[in-house]
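A.B. asks: Here is a sequence together with a model predicted from it:
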Amino acid sequence: MDINGFFAKLDAFFAGRDMQAAEAYMKESLNTAEDSGDLRSATAICNELGGYFRKLSRYEEGAALYEKALAYIEQLGLSGSEHHATTLINYATTCTQAGEREKALSFFQKAAEIFAEKGLTADYRVAALHNNISSLYQDAADLPNAEKHLRMALSVLEGLEGTGLEAAITYTNWAQLCLAADRLADAGEKVLLALGAFEKAGGGHDTHYAAAVNVLGKINYTKGDYPAAIAQFKEAMDLIQQEFGDGNMSYAVLCDNTARCYRQLGDTELAKTFADKAEAIYGRVRA
């Protein structure tokens, strides 16, 4: 299989926002690669499709694909390789979002060991690793360790070129952490750095940018500026819907955030509309 051709065609589906066609194409291509015994291509497609399922909150389907990818990596004799580490990071990210934090941390730690063995300490994937470990610590309310890993991520990125989007994501995570620590001024500073980095890198129309806009909305909610927060939550919802529809956890969280704003404004009807939509999504995802 021409894996470069696969990704080129897939990018065209994503550019056209044709998600159903993209999913069908990935599944069909995976079957083709497996049937022909092209395990390298199959591994790459498993990773891509697994990430797609993660965005849609379809965690079990994604986990099954990563298990398959890890089995193929072992069959190919690539255990301990960069491909192995990358797959572990992808799998761990899905585990994190699915609430399997201990499993996620073990995968991240194994990936870190592989990168260290390969001497790849100054690699953008190491920065992504620190970002992900930071998220786990933040979920566990260990904010000092969470912040330490964000600093480590930025330290890696500062020595690399073409990593503006990665830096923007890191600043978004840092703004979220500052907000959790009730450091509102620091959160505002970091989210503006994130939004600026996204704009500079040309990443203003994807779900990562939506995450930064969501944090800005949460800052304004904390300040009591509910109309501004609603506008930002809705902007983030639009971005997520354009890319992955309105049936995922990220969209549900934004609906919840918007409902809280309307409650503060005394608009119980709109508050109920958004709260009901969030609950419906939660019910489908958790079923």
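C.D. replies: That came through, no problem. None of these values were measured; they are calculated from a predicted model. Residues are numbered from 1 along each chain as shown.

A.B. asks: Find the helix or strand that Pro227 is a member of.
C.D. replies: Using DSSP states H and E, Pro227 sits within helix 226-244.

A.B. asks: Same question for Ser250.
C.D. replies: helix 249-264.

A.B. asks: which other residues reach that helix?
C.D. replies: 55, 57, 97, 207, 210-211, 214, 217-218, 221, 224, 226, 229-230, 233-234, 236-237, 240-241, 244-245, 268, 270-275, 277-278, 281-282, 285 (C-beta atoms under 8 Å, 6 or more residues apart in numbering). C-beta: built from backbone N, CA, C; applies to glycine.

A.B. asks: for stretch 182-195, same thing?
C.D. replies: Under C-beta under 8 Å, 6+ apart, the answer for stretch 182-195 is 168-169, 171-172, 174-176, 178-179, 209, 212-213, 215-216, 219, 222-223.

A.B. asks: Sort out which of the contacts of helix 249-264 are buried, if you could.
C.D. replies: Neighbour counting by 16 or more other C-beta atoms under 10 Å classes 55, 57, 97, 207, 210-211, 214, 217-218, 221, 226, 229-230, 233-234, 236-237, 240-241, 244, 271, 274-275, 277-278, 281-282 among the contacts of helix 249-264 as buried.

A.B. asks: all helices of the protein, in order?
C.D. replies: 3-15, 19-35, 39-55, 59-75, 82-97, 101-117, 124-139, 143-158, 164-180, 184-201, 207-223, 226-244, 249-264, 268-286 (DSSP state H).

A.B. asks: mean pLDDT lowest for which of those?
C.D. replies: Note on those: helix 124-139 shows the lowest mean pLDDT, a mean of 89.

A.B. asks: With Thr207 as the reference, measure out to Ala12.
C.D. replies: 19 Å (C-beta to C-beta, to the nearest Å).

A.B. asks: try Val213
C.D. replies: Distance from Val213 to Thr207, by C-beta to C-beta: 10 Å.

A.B. asks: any common contacting residues for these two?
C.D. replies: By C-beta under 8 Å, 6+ apart, the residues touching both Val213 and Thr207 are Leu239.

A.B. asks: Next up, the contacts around Ala167.
C.D. replies: Counted by C-beta under 8 Å, 6+ apart, Ala167 has contacts 154, 157, 197.

A.B. asks: Let's see that with 6 Å instead.
C.D. replies: 157, 197 (C-beta atoms under 6 Å, 6 or more residues apart in numbering).

A.B. asks: what do you get for Ala197?
C.D. replies: 164, 167-168.

A.B. asks: any chance of those residues in a markdown table, with distance to Gly37 too?
C.D. replies: Output for the contacts of Ala197, formatted as a markdown table (distance: C-beta to C-beta, whole Å):
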| residue | distance to Gly37 |
| --- | --- |
| Gly164 | 39 |
| Ala167 | 40 |
| Ala168 | 40 |
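
A.B. asks: picking up where we left off before, please indicate which of the contacts of stretch 182-195 are buried?
C.D. replies: The buried subset of these - by 16+ other C-beta under 10 Å - is 168-169, 171-172, 174-176, 178-179, 209, 212-213, 215-216, 219.
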